[in-house]
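> Quick one, fold the following:
(2 chains)
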Amino acid sequence: MTMTSNEKKVTDKDLRQIMWRSLTMEFGWNYERQMHLAFAYMMAPLMKKLYGDDQKEYAESLERQMEFFNCTPQFVPFIGGVVASMEEENSKEKDFDVSTISAIKTALMGPLSGIGDSLFLGTLRVLAIGIAASLSLKGNILGPILFLLIYNVPAYIVRYFGVKAGYNMGTSYLNKIQASGLMDKFKDAAGILGVMVIGAMTQNMVVVKVVAKFGTGKTATSLQSILDGILPGLLSLVVLYIFYVLNKKKVNVLWQLLGATVIGVLLTVWGVLGV
Amino acid sequence: MSNVGTSLLIGLIGFMGPLDFVIGSNMLNRPIILGPLVGLVLGNLTQGIIIGASLELVFMGAISVGAYLPPDVIVGGVLGTAFAISLGKGVGAAIAIAMPIAMLSLAIGNLTSVIFPAIAHIGDRYAKQGKPGGITASLWGIGLIECTRRGILCFLGYFVGNAGMKTLLGMIPQNVIDGLQVAANMLPAIGFAILLQMIINDTVLPYFFLGFLLSAYLKVPVLGVALFGLIIVVVKLHNDKSKPAVSANGSVEEDIDDDDDF
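I've put the predicted structure just below:
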């Protein structure tokens, strides 16, 4: 993409405004176009600045922002920055193809959601709960406070730097990243961290305890102690695997919750499992 | 019937929950945060903190990932905590109450959300005229309906439900309540399974077991496991970098090599 002029219309102040307005991203969610209202709300002031002189162009630019949008909220400022750079280019260059703006926006949504969800929901949130819950379960008020800090400090750092990074990168640089495989590497790195934490949490927090015993009287052997001798948390792993398969087969989560509850109660009443 | 003032405050907590989505999705509406607030209203902050954290663990998987809509953690968490404290029945009861309420609220939410796309189309009309105010109004319209729905459910649930919940819980035998606790202990696995499915591939699969085994045999806490993971990631990225420069078009083959010899 060639810049027709080096004159920048988008200022730091505009980018900061995009960042602040992105905080509304999960409000107004609907099945049809999901986060589109908040996305349009986020970009609207810049559209006014870039196209305000021409009412028709301005209206078209607003309609453009109302397309389907869904992404991890913390990464939205980055996409906002990229879109800002492209809209700026479009406002300067007459024969700019606006369909590339939609294309790039859509192309970014998927991978960034993948990274963002595994980073923020899969890793950071789980980590925050893991650390905070142990305090909270003892009734310590530091638990909820720590939970918020661990999750949100990185979240806002990503937002703050994301919007500028997105703008500076523009489109050409992003292509370079994608082509060099950096995007995949980053996704893998986040994935390794994420699954390790999930592995540890499965062992820690999915508790399945067998109370049934072999034999009777004094010679009775607790089944649980045998299982613990092999691998502590073996049954947690089995339970996780069952749910994993059910999810893969797209069994509705509500049925899974219901099924687990019924089976858990039945096995307890029958004396197989216990608290 | 519960005290009207207390019920209103419980309703207010439910109303404020979804407002977190307009100020940055800061996880302020999770049970681990709303639980203590409910505890404060009912005069037992400590129990609120404890029950909130327990519900957080149970509901951990209940988070919207992609298009999946989870049970309503806000209403379930608020009412579950509120009833458990006011009835003095503790964590097991909170979970037993929260889960069906959360599912019921999701069902009601699915009904009300049918009209949301129609509201969004009002925004389209204004966008077409170059009036961003209409977009903002649609955004707040949908959002505030969600707040109101949760506020009303929490208020009504607590207002009429307290006495009813009390008799209901009294009717449940102890081993069934234990059974609900057993089930609740398994439920985080659903959340983990959903997350895993999102992240897992052949490259990262072994690291899941590494995390599990570190915790199982060496009793490394979660934070410790994450720090080990961080070291692995740094080493892995460094190894990649110290190899001959990756050409822009040869990246795919390079990636496969990296995975093999790691």
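> A:Leu127: what's it in contact with?
A:150, A:197, B:222-223, B:226 (Cβ atoms under 8 Å, 6 or more residues apart in numbering or on different chains). Bear in mind the C-beta positions are built from the backbone N, C-alpha and C, glycine included.
> Buried ones among these?
Among those, those scoring as buried are A:150, A:197, B:222, B:226 (criterion: 16 or more other Cβ atoms under 10 Å in any protein chain shown).
> what's the closest of those residues to A:Gln203?
Of all the buried ones among the contacts of A:Leu127, A:Gln203 sits closest to B:Val222, with 9.4 Å by Cβ to Cβ.
> Quick check: chain neighbours aside, which residue is closest to A:Ala189?
Closest residue to A:Ala189 apart from its sequence neighbours, by Cβ to Cβ, 6 or more residues apart in numbering or on different chains: B:Val233 at 4.4 Å.
> er, B:Val91 actually
Per Cβ to Cβ, 6+ apart, closest to B:Val91 is B:Ser54, 4.5 Å.
> thinking again about what came up before, among the buried ones among the contacts of A:Leu127, which are in helices?
If you go by DSSP state H, the buried ones among the contacts of A:Leu127 have A:150, A:197, B:222, B:226 in helices.
> And these, which two are furthest apart?
For those, the maximum inter-member distance is 12.5 Å, found between A:Ile150 and A:Val197 (Cβ to Cβ).
> Show me what counts as buried in stretch A:53-67.
A:57-62, A:64-66.
> for stretch A:157-174, same thing?
A:158-159, A:162-164, A:166-167, A:169-171, A:174.
> Point out the least confident member of the residues you listed, please.
Least confident of the buried residues of stretch A:157-174 in the model: A:Leu174, at 48.
> Would you mind identifying the next helix or strand past the helix or strand hosting A:Ser225?
Assigned by DSSP states H and E, A:Ser225 falls within helix A:223-230. Sequence-wise, the next helix or strand downstream of helix A:223-230 (DSSP H and E) is helix A:234-248.
> Tabulate the CA atom coordinates of the helix or strand following that following helix in CSV.
Sequence-wise, the next helix or strand downstream of helix A:234-248 (DSSP H and E) is helix A:253-269. Provided in CSV are the C-alpha atoms of helix A:253-269 (Å, rounded to 0.1, in the frame of the first residue of the first chain):
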residue,chain,number,x,y,z
VAL,A,253,-23.2,-27.8,27.7
LEU,A,254,-26.5,-27.5,29.6
TRP,A,255,-27.0,-31.3,29.1
GLN,A,256,-23.5,-31.9,30.2
LEU,A,257,-24.1,-29.9,33.4
LEU,A,258,-27.4,-31.7,34.0
GLY,A,259,-25.9,-35.1,33.3
ALA,A,260,-22.9,-34.6,35.5
THR,A,261,-25.2,-33.4,38.3
VAL,A,262,-27.5,-36.4,38.0
ILE,A,263,-24.7,-38.9,37.8
GLY,A,264,-22.8,-37.3,40.6
VAL,A,265,-25.8,-37.5,42.9
LEU,A,266,-26.6,-41.1,41.9
LEU,A,267,-23.1,-42.3,42.5
THR,A,268,-23.0,-40.6,45.9
VAL,A,269,-26.4,-42.0,46.9
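> and the angle from helix A:253-269 to helix A:234-248?
Orientation check (axes from the mean of the first three to the mean of the last three Cα atoms, to 10 degrees): helix A:253-269 against helix A:234-248 gives 150 degrees.
> Give the other helices and strands that helix A:253-269 contacts.
For helix A:253-269, the packing partners by 3 or more Cβ pairs under 8 Å, 6 or more residues apart in numbering or on different chains; DSSP states H and E come out as helix A:234-248, helix B:90-112, helix B:174-186, helix B:188-199.
> can we see that at 6 Å?
helix B:174-186 (3 or more Cβ pairs under 6 Å, 6 or more residues apart in numbering or on different chains; DSSP states H and E).
> what's the helix it packs on packed up against?
Counting by 3+ Cβ pairs under 6 Å, 6+ apart, helix B:174-186 packs on helix A:253-269, helix B:90-112.
> which secondary element of the chain has the worst mean pLDDT?
Because you didn't say which chain, this covers chain A. Lowest by mean pLDDT, DSSP states H and E among the helices and strands of chain A is helix A:99-116, with a mean of 74.
> Let me see the mean pLDDT of the helix or strand that that one is followed by.
Reading on from helix A:99-116 to the C-terminus, the next helix or strand found by DSSP H and E is helix A:125-136. For helix A:125-136, mean pLDDT is 89.
> One more: stretch B:33-52?
Mean predicted confidence for stretch B:33-52 is 96.
> Low-confidence regions, the chain specifically.
You didn't pick a chain, so chain A it is. Applying pLDDT under 70 to chain A flags residues A:1-7, A:103, A:107, A:110-111, A:114, A:171-184, A:186-187, A:190, A:253-254.
> Sorry, I should have been clearer: chain B.
In chain B (pLDDT under 70), the answer is B:1-2, B:61-69, B:162-163, B:165-166, B:168-170, B:191, B:195, B:198, B:241-262.
> Could you chop chain B up by domain?
Listed domain ranges for chain B are B:3-185, B:200-247 (source: automatic domain parsing).
> Could you list which of the buried residues of stretch A:157-174 belong to strands?
Assignment to strands by DSSP state E places none of these there.
> Closest to A:Val272 out of these?
A:Val158 (46.0 Å).
> wouldn't the closest one be in contact with A:Gln74 here?
Yes: with contact defined as Cβ atoms under 6 Å, A:Val158 counts as touching A:Gln74 (4.9 Å).
> Need the overlap of contacts for those two.
Shared contacts of A:Val158 and A:Gln74, defined by Cβ atoms under 6 Å, 6 or more residues apart in numbering or on different chains, are absent.
> what angle do the helix holding A:Ser225 and helix A:234-248 make?
Put simply, helix A:223-230 runs at 90 degrees to helix A:234-248, going by the same axes, to 10 degrees.
> sorry, back to before: quick check: the farthest pair among the contacts of A:Leu127?
Checked with Cβ to Cβ, those reach their widest spread between A:Ile150 and A:Val197, with 12.5 Å between them.
> What's the local residue count around the residue lying closest to A:Leu142 once chain neighbours are set aside?
Leaving aside its sequence neighbours, A:Leu142 sits nearest to A:Leu135 (Cβ to Cβ, 6+ apart; 5.3 Å). A count of nearby residues for A:Leu135, using other Cβ atoms under 10 Å in any protein chain shown, gives 18.
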